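Participant: Pasting a predicted model and its sequence here:
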Amino acid sequence: MVTRLRDMLERSRKSLLDPATKQRWEGSTRQWLQRSRETVSQLVGSPTARETGSQEVLAGVCSSVALRDLNLVDSLLEQLEQMESDEDDPDTLARLYKLDHLATRLRRNGENLRVLAGRDAGGSHAETSPLVDVIRAGMSSIEHYTRIELGKIATLGVVGFAADDVSRLLAELLDNATTHSPPNSAVTVSAHLTEQGSVMVRIEDSGIGLPAARLSALNERLASAPVLDRNAVQHMGLAVVRRLSARHNVRVWLARRAPHGTTASVLLPPALVQGTVASTRRRASPAGGAAADAGSKPRTSGVAAALQQARSRPGAESRGSIASGVGQESEMVSADSNGFPAQEPRAGKPEQHSTSTDSATTANGLPRRVPQSLKEPSITWPPPAPETDGSGGSGESDEQDQRAGHEQLLADLGAFAAGEQAAHAENQSRTDTAEGHDQ
Amino acid sequence: MATHPQPRTENRSSRVRPYALTGGRTRTRHQLLVETMISVPDYDADFAETLMPESRAVYEQARTPVSLAELSASLTIPLGVIRVLVSDLAAGGDIFIHPTGHSYQYDHTILERILDGLNQFSA
């Protein structure tokens, strides 16, 4: 036994001392080391490169599955629409509405998955969608949609390529607002045109509100670049909002609301806003447009419509140049009362519906912009964050004035919305009691 | 499994769902048949301004007497939605519902409602 061991030792010593075998061993060891180093570096060394690769594959798979689901849900919704329009019995219709609601929420999930995977969620089309429909589309896809109350919504449109993304973004915020406020309280949505041609949508709930630290953390996340990280799992909705807002240059922030609750503000840049009035809600049905038009007077030609549009807002250019100065409160008021075409009282003139549908595009079929949106974007856009700045250079006093003016406007809008809501609540309670007597 | 899913066919279904137009309600206070005629007694332009697009379209069209079926067809809004919108407008007295031949005489729902009302009085 001992002799055998000694023999083996002797042999190995010999082979190691032999220069030829020594070289062979060292060479292969070096090779092995090199290879294992590579393997380890692949496993440990650069995790980011490896993760992004597999994440990309995973995102591709997810978005592909989501697309299949969406195609199925779309046909499901189409079938349901058909059944709903044929249904005469209120109870059966209510049941169909429940199914429709579930399918619509399913569609939102699928679209969110695509948004998170960095893909197009679908729905970019040529026509401008009325702002009120964009909001109601978002409202359609959340659980507690009956608690949403529409306040004053400016009669404007959202350009086709962004309309569905904006309603997806609003859906997430509306969902947050309804789930984080008492189950019997209303969530109010309002939308106003700012003097810069952007549109501010406000979603106000009356929940217990968020602590200041949490609020600023959330705002920071909303303002930063969209990254899919561990936190995104907890705040799926927020991640969707962030992606969509980055895609369309929309600003979203949360603020405390007096006396309690949270206000989510969404600032749509002028590039997404167009002046349009008529609802094109039923564009899905093939005969929809024609039938809707048949109800009103015959269309005027595109040129005539464009001319009428031009006449209805005299001095659009001059006002544009005034408004491009420092944003002051008085100018905002004048811009409002001067009549943005869509806000003119057009009561008693139902035939204007058809002409105003045309006015979303020019005579040449190009999208028509609101007058204010023609301004130099670098001057007016993007606007500053409402509470974060104050660190601007000394030579930017002009810009700071403008910022101050804009903040003033935002504050005014807040006050206006609060007043309006109070009046609405009062009115509501009055009609409620009146109805109570009725029954 | 197929190689690539079909690209999404856009706008086959509307994004604003019918239930969102009525807050999910399907019942009406008034009996509204397909042939029921409605009209606006006193058109109020300011009031029209405050309405949602669909209600407003109903209100504008009903300035001349019109049936629910016509409204539904010309506005391409499902009848179930039109009924609720008309009922809401009628509740505020902004729209007048013309009585149809058999909707009031010996109508069970009306008689039941009267009975309910009387029971409430006596309770």
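Facilitator: It's in.

Participant: Give the residue spans of chain B that score low on pLDDT.
Facilitator: Low-confidence segments of chain B (pLDDT under 70): B:1-13, B:101-106.

Participant: closest point of it to chain A, which residue?
Facilitator: Across chain B, the shortest distance to chain A (CB to the nearest CB) belongs to B:A45, at 2.8 Å. Yep, even glycine has a C-beta here, placed from its N, CA and C like the rest.

Participant: For that residue, grab the count of nearby residues.
Facilitator: Counted with other CB atoms under 10 Å in any protein chain shown, the neighbours of B:A45 add up to 11.

Participant: for A:H260, same thing?
Facilitator: Other residues near A:H260 come to 12 when the count uses other CB under 10 Å.

Participant: what's the helix or strand for the closest residue to it other than its chain neighbours?
Facilitator: In this structure, A:H260 finds its nearest non-sequential neighbour in A:G209, 5.1 Å apart by CB to CB, 6 or more residues apart in numbering or on different chains. Following DSSP states H and E, one finds A:G209 outside all helices and strands.

Participant: Let me see the contact set for A:G209.
Facilitator: By CB atoms under 8 Å, 6 or more residues apart in numbering or on different chains, A:G209 lies in contact with A:R256, A:R257, A:H260, A:G261, A:T262.

Participant: before we move on, what SS does A:D88 have?
Facilitator: Assigned by DSSP: H, G, I helix; E, B strand; the rest coil, the conformation of A:D88 is coil.

Participant: How much space separates it from B:A69?
Facilitator: Per CB to CB, to the nearest Å, A:D88 is found 12 Å from B:A69.

Participant: Compare the two and say which one has the larger neighbour count.
Facilitator: Each of A:D88 and B:A69 has its neighbours counted (other CB under 10 Å); B:A69 has more, 14 against 11.

Participant: Which residue, other than its chain neighbours, is closest to the more buried one?
Facilitator: Distances taken as CB to CB, 6+ apart put B:V34 closest to B:A69, at 4.6 Å, once the chain neighbours are dropped.

Participant: what helix or strand does the most centrally placed residue in chain B sit in?
Facilitator: The residue lying closest to the centre of chain B (CA atoms, centre = their mean) is B:R83, at 2.3 Å. For B:R83, the host element (DSSP H and E) is helix B:79-91.

Participant: can you list contacts of the helix or strand just after that helix?
Facilitator: Going down the chain from helix B:79-91, the next helix or strand is strand B:96-97, by DSSP H and E. The contact list for strand B:96-97, computed with CB under 8 Å, 6+ apart, reads B:H30, B:L32, B:T36, B:M37, B:I38, B:S39, B:V40, B:P41, B:V86, B:A90.

Participant: partners of strand B:96-97 in the sheet?
Facilitator: Using DSSP bridges, strand B:96-97 pairs in its sheet with strand B:37-39 (antiparallel).

Participant: The partner strand: which residues count as buried?
Facilitator: By neighbour count with 16 or more other CB atoms under 10 Å in any protein chain shown, strand B:37-39 contains the buried residues B:M37, B:I38.

Participant: Tell me the gap between the helix or strand that comes right after it and the middle of its chain.
Facilitator: Toward the C-terminus, strand B:37-39 is succeeded by helix B:45-50 as the next helix or strand (DSSP H and E). Computed by CA atoms, centre = their mean, to the nearest Å, the separation of helix B:45-50 from the middle of its chain amounts to 18 Å.

Participant: Helix B:45-50: what's the following helix or strand?
Facilitator: Assigned by DSSP H and E, the successor of helix B:45-50 is helix B:53-61.

Participant: Is that next one in proximity to chain A?
Facilitator: Yes - Helix B:53-61 reaches chain A (CB under 8 Å from any CB of the partner chain) through B:P53, B:E54, B:A57, B:E60, B:Q61.

Participant: now the fourth one: how far from B:M52?
Facilitator: The span separating B:E60 from B:M52 equals 13 Å under the rule CB to CB.

Participant: Those two - which one has more neighbours?
Facilitator: When B:E60 and B:M52 are compared for neighbours, B:E60 comes out ahead with 22 against 16, by other CB under 10 Å.

Participant: from memory the residue nearest to the centre of chain B sits against B:I77, does it?
Facilitator: No - the pair B:R83 / B:I77 is not scored as a contact, 10.2 Å apart, by CB atoms under 8 Å.

Participant: chain center to the top helix by length along chain B: distance?
Facilitator: Determined from DSSP state H, the single longest helix within chain B is helix B:108-122. Helix B:108-122 sits 24 Å away from the centroid of its parent chain (CA atoms, centre = their mean).

Participant: now for that helix, which elements pack on it?
Facilitator: Helix B:108-122 sits against no helix or strand, with contacts defined as 3 or more CB pairs under 8 Å, 6 or more residues apart in numbering or on different chains; DSSP states H and E.

Participant: Just the CA coordinates for that helix, please, in PDB.
Facilitator: Only the C-alpha atoms of helix B:108-122 are listed here, as PDB (Å, rounded to 0.1, in the frame of the first residue of the first chain):
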ATOM      1  CA  HIS B 108     -99.200  48.000 -15.300                       C
ATOM      2  CA  THR B 109     -96.100  49.800 -14.300                       C
ATOM      3  CA  ILE B 110     -98.000  53.100 -13.900                       C
ATOM      4  CA  LEU B 111    -100.700  51.400 -11.900                       C
ATOM      5  CA  GLU B 112     -98.100  49.700  -9.700                       C
ATOM      6  CA  ARG B 113     -96.300  53.000  -9.200                       C
ATOM      7  CA  ILE B 114     -99.600  54.600  -8.100                       C
ATOM      8  CA  LEU B 115    -100.200  51.700  -5.700                       C
ATOM      9  CA  ASP B 116     -96.700  52.000  -4.400                       C
ATOM     10  CA  GLY B 117     -97.200  55.800  -3.900                       C
ATOM     11  CA  LEU B 118    -100.500  55.200  -2.000                       C
ATOM     12  CA  ASN B 119     -98.900  52.600   0.200                       C
ATOM     13  CA  GLN B 120     -96.100  55.000   1.100                       C
ATOM     14  CA  PHE B 121     -98.700  57.600   2.000                       C
ATOM     15  CA  SER B 122    -100.500  55.200   4.300                       C
END
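
Participant: The nearest residue to A:L210 once chain neighbours are set aside - how many residues pack around it?
Facilitator: Leaving aside its chain neighbours, A:L210 sits nearest to A:T262 (5.9 Å; criterion: CB to CB, 6+ apart). Using other CB under 10 Å, A:T262 has 24 other residues around it.

Participant: check contacts around A:T262.
Facilitator: Counted by CB under 8 Å, 6+ apart, A:T262 has contacts A:A177, A:H180, A:E204, A:D205, A:G207, A:G209, A:L210, A:L215, A:L254, A:A255, A:R256.
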